[in-house]
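S.K.: Make a model of this:
(chains A and B)
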2 protein chains.
Amino acid sequence: MNLNEKLKEVREYIKTKELLDQATGLVYWDMRVGMPKKAVEQRAEVVGYLSSEGYKFTTSEKVKGFIEFFKPHLDELNVIDRAMIEELRRQYDEIKRIPEDKYKEYVILCSKSEAAWEEAKEKNDFSIFKPYLGKVIEYQKEFLEYAGYTETKYDSLLDKYERGITVEKLDEVFGELRDAIVDLLNRIKNSGTNIDDSFFKNKFTKDEQEEFGLFVLRKMGYDFDAGRLDESVHPFTINFGNKDVRITTNYHENEFRSALFSSIHEGGHALYEQDIPDELMGTGLGTGVSMGIHESQSRFYENILGRSKAFWKYFFPEAKKRFNQLKDVSFEEFYKAINIVEPSLIRTEADELTYSLHVIIRYEIEKLIFNGEVNLEDLPKIWNEKYKEYLGVEPSNDAEGILQDMHWSDGSFGYFPSYALGNLYGAQMLKKMLNDSPAIFDEVENGNLDTIHQWLKENVHKHGAVYKPADLIKLISGEELNAKYFIKYLNDKYKEVYNLK
Amino acid sequence: MNLNEKLKEVREYIKTKELLDQATGLVYWDMRVGMPKKAVEQRAEVVGYLSSEGYKFTTSEKVKGFIEFFKPHLDELNVIDRAMIEELRRQYDEIKRIPEDKYKEYVILCSKSEAAWEEAKEKNDFSIFKPYLGKVIEYQKEFLEYAGYTETKYDSLLDKYERGITVEKLDEVFGELRDAIVDLLNRIKNSGTNIDDSFFKNKFTKDEQEEFGLFVLRKMGYDFDAGRLDESVHPFTINFGNKDVRITTNYHENEFRSALFSSIHEGGHALYEQDIPDELMGTGLGTGVSMGIHESQSRFYENILGRSKAFWKYFFPEAKKRFNQLKDVSFEEFYKAINIVEPSLIRTEADELTYSLHVIIRYEIEKLIFNGEVNLEDLPKIWNEKYKEYLGVEPSNDAEGILQDMHWSDGSFGYFPSYALGNLYGAQMLKKMLNDSPAIFDEVENGNLDTIHQWLKENVHKHGAVYKPADLIKLISGEELNAKYFIKYLNDKYKEVYNLK
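M.R.: Sure thing, here's the model as predicted:
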C-alpha cells in the first residue's frame, strides 16, 4: 500500500473517531445545559460507554499499525499529515504507556477524590481532601515514570496541556509577570483613585442582558448558523466540529458585567473553532491547538478588545439606548468601572490585572508538589501566604483558599498555567496586529470588528492544531513566548485608568 | 454456563445497546430542537455512524449465540426474560434475513425516494414520486419474501408495527368504525347545528400559551425532573430511558388549541415512558410496546380526557383567569368549540371524529398495493374518491391528497393503522376504567387527574413492552380489540355536542 492510500485510510479512521467525539460532546453539552435532573445517573453511564469507545479508538491495534507504517516515512509527509500522525502517536503513547489496571484504579480514585474535594469544600476542611490529593499525586508521579520522566516531572505535565512549554520558560515569564503585576497593584493601591462601579449593581433583567449580549456577539462575527447561546451555571464553549460551536453564559440580574463579559470571552473561544478550515476536519487537528492559545483568543476579546476604549466608543451608546439604568453614567465612568481593580480571593472572579497572579500562585505550588519540596499538610498555609504576599488578601478558610478549584481533585496538574499564558500570547498577537494594521482599533470605534476577526482568523485560527503552541506563537509574532508586551499593555492601561504617575 | 449467568450476560449486552440508543436519541432530539443549520451534514454523519453501531449490536454473532443458547430453554424463563429473548430474536431476524447488499441498496433508494417525494409534493406532481414509490414497494415485497411471507404480505407489515394484528382483524374493526363515523358525520352535517370557534383565532401570545401548557402538563403528572418541554416544527415525544422523556410543541399565536392539545397529546405519550418501571431497563422491553398502544395514551389524554366536560370544568376557569381573550366565552361555547367537527383534507389537522377516516383510507390503499390490486398511476384517483366518499371533501391537487404524508417514501407501510388503533384501544381502556372507578371523572372536575394517571400506570404503563399489543389489550380490558366502545363513545359525545336526535 502506498503512502497516499494509507493516508486516506488514516483519515477515514480519524474521521470516524471524530463522529464519536461529536456525539460524546453533544451528550456532555446536554448534561450541562438541558438534562432533567433524574437522568443524571443513566446519562453518566452513556458518557462512560462513549468514552470507553473513544479509548478503544485511540489505543487500537490499528493505530499502532498506522504509527509503525509511517515511522520511516514522516519526512515524506506534508506538514499537516505529519502533524496528524504525530498527534495520533502522542495520544496513543500517553494512554498506552500506563498499564490498564493502573489506569482503571486511577479513574476510580479520581471519582472518589472529586467527591472528597466537594465534601471538603462544603465543610471547609482541607483534611478531608488531603489523603485523596496525596494518592492522586502518587499516581500522577507513577504515570510520569512509566513515560520515562524522572527528573523533570512537572515539565511533562505542562507539556500535556501546552506542548513545548517548560518550567524553565515559565519560571522566566511568570516571574517577570508576577513582579510587574505586584508592583502595578501596589501603585494602584497608593494612587488614591477610587473607582465607582455601583451603577452596575442595579437591576438589569435577563431579557435585556441577553438581547445586548446577542447584539455584541453578532458584531463580533459569531455565526449563529453554526452555533447557539444557552445558559449554564458555569459559562463554557463546546464544539462538535467547526459547524456547531456552542457557548453558554449565566445571567445575574444585579450585575451588568458578568454575563456580558463571559459571553464575549466564550465568543472569543467560539470564533477560533468556527474559523477552523474544513480541510482540517478528519485529521485530528481541526480544533484549537491548546488551552493557552485558546485563552489567548477568549481573553483578547474579553479584555484587550472588550475592555478597550475603542470598543465602548461604539457599544456604550448602544448600551445607553437599551439600558435606562445607565442614563446618568458618563463614558469615562463606564470605562473605568469595567476596568476596576479589586484584589480578591477567588480566581474565577478576578479582574484583568490580578487574574494572572491567581494562576501563578497555583503554578508555584504545583512545582513544589512535583519537586517533592512540600508536605501536603502545609499547602493551605503556603497558599494563604502567597495570596497575602502577592495580592494583599488572605483567605479566612480553606473553601475560599486552597479548596476553591476542582482541578487537582482529578489530577489536572499542569493545566492552570495555560490560563495565564493566554494573556501573554494575546499581547504578543496584539503587538503584531498593530504592526500589520496600525489603525485597526479605529475601525472598532465605528463598530467594525471584522478586521480584527480576519487578522486572528488568518494568523491563528486557520492553523488549527497543526503547529505546537510554542511554534505557533513564533510563527504568528516572530518571537518566542515572552511577558514584555503584556506587561507593557497592563502598565499603559492602568496608568490611564488609575491616573498613575 | 447456567441460565442465570447467561441471562446476566444478555442483560449486560442489551444495557450497553440501550446506552448507545440513548446517545443516538439525544443527537436526534438535538437535530430537531436545537442544532444550528450549518451542522446538518456533519450531524447526519454522526447519526449514520451511531446507527451503524446499533446495527452491529442487533445483528452480531453474540446475539445469534444468545438466541441459540436460549432456544431450548424458553419455557424455563419468566415472562419478562422470555419476552426479552423473543424481542432480541425478532429484531435479529428482521434485519438479518435481508442480504446485506440488498439492504444497502434499499437504504440508498429510500433517501432518493424521500427527496423525490419532497420535490413531488412541492411541485404538486405525483408522477415525480411514482417511480420511486414503485421501487420502494418492490423492495418491500422482496424483503417479505425473504421472510417466507408470500400470501399475507400486508399482514406481516402490520405485524412489524403492531405485533399480533392481522388484516382480518383490522378489516373487521376498521370497517365497522368507518361506517359508524361516516354515518355520524352525515348526521352532524344534517343537524343544522353550527359551532362558532372564531374566538380561538384571536391573538394568544406564545408566553401565555406556554405558561398554560406547563400548568396543564404539571396537573397531568408529567414529571419535569425527568423531562422537558421544547419547541419544534412538528411536535413529538422522545425518550432516553425512563428518566429523560422530552416533549415538544409548536406555538401558533392566532390559534389557542393547536399547541395546547399537542402538548396534552405528547404529554400522554410521555407519561407512558416516564412510568416504565426501572426493572425493565436493560431488557429491551423498557419502553412503550407499540405505536398503537402509545397512541392510545396520547389520544386518551388529548381527546377522551382533554376534550371532556369534566376536564374543562376545572381548566376553563383557569384558562379564563389567564386569557382575557376568553372573557366573553361561556363554558358551553368553549366546550363545543374544542369539539367542532370539520371534515378536511389533511390528516394531521383532522378533528377527533374524522381523524380515523384519514387513517382508514390509507389502510385500504396499502392493502390494495400489497395485494397487487392497483396500478400506481391510479392511486391519486383512488385516494380522491375515498376522501369524497367518506369525508365529503375532495383534494384539488396531489399535495393535499396522496402526497401529504412522507410515510410511504421510506417504506413505512403498515404504520398508519396504529394511529387509529390508539382510538379503539383507548375507548376499551375507558370502559374498563369506568367499571373499576365509576366516579373517576368526578375527581377530574376538581383538578385531580392523578387517579386516572395511576390507573393507566397500573394497567398499561407498568408492563412496558413485555406483552404483545394484542395480548396486552386483552389483559387490560378483558376483551380483544374491537370498535364498539369507541363507536359508542363517539355517538354519545357528538349527540350532545351537535344536538343529534
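
S.K.: sec struct for residue A:373, please.
M.R.: coil (DSSP: H, G, I helix; E, B strand; the rest coil).

S.K.: Next, count neighbours for it.
M.R.: Residues within reach of residue A:373, counting by other CB atoms under 10 Å in any protein chain shown, total 8. Using the backbone N, CA and C atoms, a C-beta is placed for each residue, glycine as well.

S.K.: Residue A:282 against residue A:15, yeah?
M.R.: Yes: with contact defined as CB atoms under 8 Å, residue A:282 reaches residue A:15; the gap is 3.8 Å.

S.K.: Show me which of those two is the more surrounded one.
M.R.: residue A:282 (20 against 16).

S.K.: got the contact list for that one?
M.R.: The contact partners of residue A:282, taken as CB atoms under 8 Å, 6 or more residues apart in numbering or on different chains, are A:11, A:12, A:14, A:15, A:18.

S.K.: again, but for residue A:228
M.R.: A:246, A:247, B:34, B:36.

S.K.: And those residues, which is closest to residue A:497?
M.R.: Minimum distance to residue A:497 across the contacts of residue A:228 is 28.1 Å, recorded for residue A:247 (CB to CB).

S.K.: Residue A:236 is in contact with that closest one, correct?
M.R.: Yes: applying CB under 8 Å, one finds residue A:247 in contact with residue A:236, separated by 7.5 Å.

S.K.: overlap in contacts of those two?
M.R.: residue A:266.

S.K.: neighbour-wise, which of these two wins?
M.R.: Neighbour count, other CB under 10 Å: between residue A:247 and residue A:236, residue A:247 has more, with 27 against 19.

S.K.: Give me every residue in chain A that's in contact range of chain B.
M.R.: A:16, A:19-20, A:22-24, A:26-27, A:30, A:34-39, A:41-43, A:45-46, A:48-50, A:223-228, A:240-241, A:243-244, A:281 (CB under 8 Å from any CB of the partner chain).

S.K.: Please identify the pairing partners of the longest strand seen in chain A and their relative orientation?
M.R.: The single longest strand within chain A, with elements called by DSSP state E, is strand A:245-249. Paired strands of strand A:245-249, with direction, are strand A:229-231 (parallel), strand A:237-239 (antiparallel) (DSSP bridges).

S.K.: With distance to residue A:316, mean neighbour count and mean pLDDT as new columns, can these be given to me in CSV?
M.R.: Below are the strands paired with strand A:245-249 laid out as CSV (distance: least, CB to CB, whole Å; neighbours: other CB atoms under 10 Å in any protein chain shown; pLDDT from 0 to 100):
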stretch, distance to residue A:316, mean neighbour count, mean pLDDT
strand A:229-231, 22, 16, 96
strand A:237-239, 26, 22, 97
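
S.K.: any low-confidence regions in the stretch 351-500 of chain A?
M.R.: Scanning the stretch 351-500 of chain A for pLDDT under 70 picks out nothing.

S.K.: What's the nearest residue in it when you look at chain B?
M.R.: Closest approach between the stretch 351-500 of chain A and chain B, counting by CB to the nearest CB: residue A:464, at 15.7 Å.

S.K.: Wait, that residue touches residue A:276, no?
M.R.: Yes: counting by CB under 8 Å, residue A:464 does reach residue A:276; the two are 5.0 Å apart.

S.K.: I'd say residue A:229 and residue A:245 touch.
M.R.: No: checked against CB under 8 Å, the pair residue A:229 and residue A:245 is beyond contact range at 10.9 Å.

S.K.: tell me the angle of the host helix or strand of residue A:216 relative to strand A:245-249?
M.R.: Element membership for residue A:216 (DSSP states H and E) is helix A:206-220. Here the directions of helix A:206-220 and strand A:245-249 differ by 140 degrees (axes from the mean of the first three to the mean of the last three CA atoms, to 10 degrees).

S.K.: what packs against helix A:206-220?
M.R.: Where contact means 3 or more CB pairs under 8 Å, 6 or more residues apart in numbering or on different chains; DSSP states H and E, helix A:206-220 is packed against strand A:229-231, helix A:257-274, helix A:309-322.

S.K.: moving C-terminal of the helix ranked longest in chain A, what's the next helix or strand?
M.R.: As assigned by DSSP state H, the longest helix anywhere in chain A is helix A:3-33. Downstream of helix A:3-33, the next assigned helix or strand under DSSP H and E is helix A:40-58.

S.K.: Quote the end-to-end distance of stretch A:441-454.
M.R.: Stretch A:441-454 has its terminal residues 13 Å apart, counting by CA to CA, to the nearest Å.

S.K.: buried residues in it?
M.R.: A:441, A:443, A:444, A:449, A:451, A:452, A:453 (16 or more other CB atoms under 10 Å in any protein chain shown).

S.K.: highest average neighbour count across the helices and strands packed on helix A:206-220?
M.R.: helix A:257-274 (a mean of 25; mean count of other CB atoms under 10 Å in any protein chain shown).

S.K.: who are the neighbours of it, in terms of helices and strands?
M.R.: helix A:206-220, strand A:237-239, strand A:245-249, helix A:291-299, helix A:450-459.

S.K.: Next, the angle helix A:450-459 makes with it.
M.R.: 50 degrees.

S.K.: from the middle of its chain, how far away would helix A:257-274 be?
M.R.: 11 Å (CA atoms, centre = their mean, to the nearest Å).

S.K.: Sounds good, over and out.
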